[in-house]
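> Generate coordinates for the sequence data below:
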Amino acid sequence: MKLVHFKNLALMYGWQISNYILSFLLLPYLARTLNTSGFGVYAYCVGVNAYLWILVEWGFPIGGMREVASKKDDPEALQKT
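Numbering: from 1, shown residues only. Predicted coordinates for the structure are as follows:
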């Protein structure tokens, strides 16, 4: 059981690190390739996407955790959740 947790933890850390490295490498490339106007459009789209993500995700992590925690002893209700 502990090996599974360690593997999941290592994969999550690897995913986060790869996100940072890819962003660090991709940003200068896009800035050179798209020029100023294209990069401005890209930055605008990223900003709009961030706001939309906040609206879509609003309360789901907190509400979902609360719902799962309240039904942790009932496997059938937990499965429906």
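> how many other residues sit next to the nearest residue to L78 once chain neighbours are set aside?
Distances taken as Cβ to Cβ, 6 or more residues apart in numbering put K71 closest to L78, at 4.8 Å, once the chain neighbours are dropped. Heads up, the C-betas are built off the backbone N, CA and C, glycines and all. K71: 15 surrounding residues under other Cβ atoms under 10 Å.
> Look at K71 and report its pLDDT.
For K71, the pLDDT comes out at 84.
> Next: M1.
Per-residue confidence (pLDDT) for M1: 63.
> same thing with L22?
Predicted confidence (pLDDT) for L22: 94.
> any idea how far it is from K7?
22 Å (Cβ to Cβ, to the nearest Å).
> shaky segments in the protein?
Applying pLDDT under 70 to the chain flags the ranges 1.
> Now do the helices in it.
2-57, 60-70, 75-80 (DSSP state H).
> Kindly reformat those as JSON lines containing mean neighbour count.
Formatted as JSON lines, these follow (neighbours: other Cβ atoms under 10 Å):
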{"stretch": "helix 2-57", "mean neighbour count": "10"}
{"stretch": "helix 60-70", "mean neighbour count": "10"}
{"stretch": "helix 75-80", "mean neighbour count": "10"}
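> on that earlier part again, if I pick the residue nearest to L78, what's in contact with it?
By Cβ atoms under 8 Å, 6 or more residues apart in numbering, the contact list for K71 reads A77, L78, T81.
> Return the member of the residues you listed nearest to V41.
When those are ranked by distance to V41 (Cβ to Cβ), T81 comes first, at 40.6 Å.
> wait, the closest one sits on M65?
No - judged on Cβ atoms under 8 Å, T81 makes no contact with M65 at a distance of 10.8 Å.
> give me phi/psi at D74?
phi -110, psi 100 (degrees, to the nearest 10).
> That one: neighbouring residues, count only.
11.
> contacting residues for it?
Counted by Cβ under 8 Å, 6+ apart, D74 has zero contacts.
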